[in-house]
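Colleague: Structure for this input, please:
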Amino acid sequence: MTIEHDLSRIALQEETLRFDAFDLSTAWVLGKLLHDLASERNLGVAIDVTFHSMPVFYVALPGSTPDNADWIRRKRNMVLRYFRSSYASGLALEKQEKTVESNGLSVADYASHGGSFPIYVKGTGCIGAVTVSGLPQRDDHNLVVEALALMLGHELHNLGLSDR
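Modeller: Residues are numbered from 1 along each chain as shown. Next comes the predicted model:
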């Protein structure tokens, strides 16, 4: 698929995967759902759910590394800066032949790699981010989208990114 196609699909994901309400309990349920999906598949990932600026859920599964926590922080920063998924930001930069640095940001603090997704509440806006790190970036992104689709009752085949 092309970058344009993926950006279009991600825009649909970001528009569709929005909560009516979101609180600390919802954050925990989302994190636990991601934990269960990753555990069932033996995925060596770390998972983070941040509500506003407050960490609510974090787990590092077997096979993840200490680096995953830093990747999570940097990808989450990208989402909270632009209110869009880190993968969409990375694809948009790639399409424009730009980098994080050319946007005036430090790679020490921002990562435009897939795996972090904005938590939107309808009528409110972006109130946090859910992030996975440990897989190739497209797979990190897809895992988060799968969990959000399951939690919000949407069919994944209508939202997922196809294999490249």
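
Colleague: close enough to count as contact, L30 and D48?
Modeller: No. Using Cβ atoms under 8 Å, L30 and D48 do not qualify as a contacting pair, with a distance of 10.6 Å. Every residue, glycine included, has its C-beta placed from N, CA and C.

Colleague: what residues are shared contacts of the two?
Modeller: By Cβ atoms under 8 Å, 6 or more residues apart in numbering, L30 and D48 have these common neighbours: 57, 130.

Colleague: which of the residues in the helix or strand where S89 lies are buried?
Modeller: Assigning secondary structure by DSSP states H and E places S89 in helix 86-95. The neighbour-count criterion (16 or more other Cβ atoms under 10 Å) identifies 86-93 as the buried residues of helix 86-95.

Colleague: Output the contacting helices and strands for that helix.
Modeller: Contacts defined by 3 or more Cβ pairs under 8 Å, 6 or more residues apart in numbering; DSSP states H and E place helix 86-95 against helix 3-16, helix 66-82, helix 137-152.

Colleague: who does the residue nearest the centre of the chain bridge with?
Modeller: For the chain, the residue sitting closest to the mean C-alpha position, by Cα atoms, centre = their mean, is S116 at 2.2 Å. Counting by DSSP bridges, S116 forms beta bridges with T131.

Colleague: Cool, thanks, signing off.
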